[in-house]
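1. the following comprises the amino acid sequence and a computationally predicted model.
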Amino acid sequence: MDRATREFAERHFRGLQGRLPSGVCSTPERADFIEKPDSLSYADFFKGYLLPNLPCVFSSAFTEGWGSRRHWVTPSGKPNFDFLLQKYGDMVVPVANCGVQEYNSNPKEHMPLRDYISYWKEYIQENYSSPRGCLYLKDWHLCRDSSAEDVYTLPVYFSSDWLNEYWDTLNVDDYRFIYMGPAGTWSPFHADIFRSFSWSVNICGRKKWLLFPPGQEEALRDCHGSLPYDVTSPSLLDTRLYPMHMCCKPPLEIIQEAGEMVFVPSGWHHQVHNLEDTISINHNWVNGCNLAAMWRFLQQELRAVQQEIHEWRDTMPDWHHHCQVIMKSCSGINYEEFYHFLKIITERRLLTLAEKVDMRKMESASGAGPGPQQAAFDISRIAEVLALMTANPDFQRVDTSAFSLQPSDLLRQLEEAVSASVSL
């Protein structure tokens, strides 16, 4: 990020004045298709897609050098089962049954990859049918369990990735996933975790994406207030069950070909269908552009928990603490974890500025990656969100006595760094 891009981003957020854009976002007619890698700089992507929160598709030219596109795919463009078995056959993977609805998702089991590939081969031989159902390998943390060397290279556009930076620091988890499945496997209607961004590359095969911009999903709620499991179901035409469906505009539809990369913006609900036997690599990620959206999402999650156990508020000791415990078990994070997330990212950005590190590991070969101006932008975004957080009554009830750095002290450091970075 250069100085002009940083100034552009800061003007954008000053214009919002701490609020999300009001109303329902309109659905674009199409997603931009970026053909050539040298036609889009990091600054172009940041200003054209990250800040306005708009989807786009990158051509297969952006991923043609990836090892997975060489080794995981046969010359005919199909999954290379022999290579996958030899390389990863004994690894245990999560597998979802697409034919069974469990709330708004699918039940999962775990099995060795070799057993899943055996199923997949039989499924193809039986004309894409099996008494075991339609099974989809989803959310496999290959990069956490094995080296990603010669699998893929993180595109520079997505290199400001706080979620995986944070979890890599703790060395306990990540938000990098492999998906594999035959034609007909699919992911039900959802928005990505923590209102994160996501990117997805088809190593082989084709996907159909149905995307709804933020706010459009409200017209898809049923008479009980629940979102649909499948937005292609004929039941959505029942106006008694889905009274607002007629107000919902058609989704943005994207057909993603082999090698192509889809950027899914924050808060866009979507449903994804594999049109062929498909393998994809996917990341969820958060940075300064959608940090406020993540904070708003966490507040919504806590309110939902509080409403669920409201009747015990006056009789349950430490009711607010129990709400935080339940929130973490349901959402994977609570206010304490979110604070530590902000603290770790802050410490790393302050170190970057103090030592004038140029973050070369995050830059592209041309030096057009995030860079130190990104670090300055990051701390300004964290400072704004942390100020909102420390003023929040529910966060004020969190016991911070054991924190290594008190929130007020962290906020003061951030504010000082923001002031000092003006001349950067």
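-> That came through fine. Only a predicted model underlies this, so the values are computations on that prediction, with no experimental measurement involved.

2. so what pLDDT did the nearest residue to L237 once chain neighbours are set aside get?
-> Closest residue to L237 apart from its sequence neighbours, by Cβ to Cβ, 6 or more residues apart in numbering: H245 at 7.0 Å. For every residue, glycine as well, the C-beta is placed using N, CA and C. On pLDDT, H245 comes in at 95.

3. tell me the contacts of H245?
-> A219, L220, L236, L237, T239 (Cβ atoms under 8 Å, 6 or more residues apart in numbering).

4. could you do D139 as well?
-> P94, F177, Y179.

5. from these, pick the one nearest F212.
-> Nearest to F212, judged by Cβ to Cβ, of the contacts of D139 is Y179 at 20.6 Å.

6. pull up the gap between the residue lying closest to the closest one once chain neighbours are set aside and R14, please.
-> In space, and not counting its chain neighbours, Y179 is closest to S280: 4.7 Å by Cβ to Cβ, 6+ apart. According to Cβ to Cβ, to the nearest Å, S280 stands 37 Å off from R14.

7. the two: who's more crowded?
-> Ranked by neighbour count (other Cβ atoms under 10 Å), S280 and R14 place S280 first, with 23 against 10.

8. can you list the low-confidence ranges for the stretch 251-400 of the chain?
-> By pLDDT under 70, the low-scoring segments of the stretch 251-400 of the chain are 356-369.

9. please redo it, this time with the cut-off set to 90
-> The model of the stretch 251-400 of the chain has pLDDT under 90 over residues 352-372.

10. what segments of it are strands?
-> Secondary structure of the stretch 251-400 of the chain (DSSP state E, counting those that start in this stretch): strands located at 252-256, 261-264, 269-274, 278-285.

11. helices and strands around the first one, which ones?
-> The contact analysis (3 or more Cβ pairs under 8 Å, 6 or more residues apart in numbering; DSSP states H and E) places strand 252-256 against strand 207-212.

12. who are the packing partners of the strand it packs on?
-> With contacts taken as 3+ Cβ pairs under 8 Å, 6+ apart, strand 207-212 sits against strand 252-256, strand 261-264, strand 269-274.

13. out of those strands, nearest to Y152?
-> Here strand 261-264 is closest among those (Cβ to Cβ), at 10.2 Å.

14. right, and V262 touches E253 too?
-> No. Look at V262 against E253 with Cβ atoms under 8 Å: they stay out of range, at 11.8 Å.

15. so which of these two has more stuff around it?
-> V262 (23 against 11).

16. host element of the closest residue to H71 other than its chain neighbours?
-> Excluding its sequence neighbours, the residue lying closest to H71 (Cβ to Cβ, 6+ apart) is F83, at 5.3 Å. Using DSSP states H and E, F83 sits within helix 81-88.

17. sorry, back to before: hmm, which of the contacts of H245 are the buried ones?
-> Buried by 16 or more other Cβ atoms under 10 Å: A219, L220, L236, out of those.

18. turn the contacts of H245 into a markdown table, columns for pLDDT.
-> Shown next, in a markdown table, are those (pLDDT from 0 to 100):
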| residue | pLDDT |
| --- | --- |
| A219 | 96 |
| L220 | 97 |
| L236 | 97 |
| L237 | 95 |
| T239 | 95 |
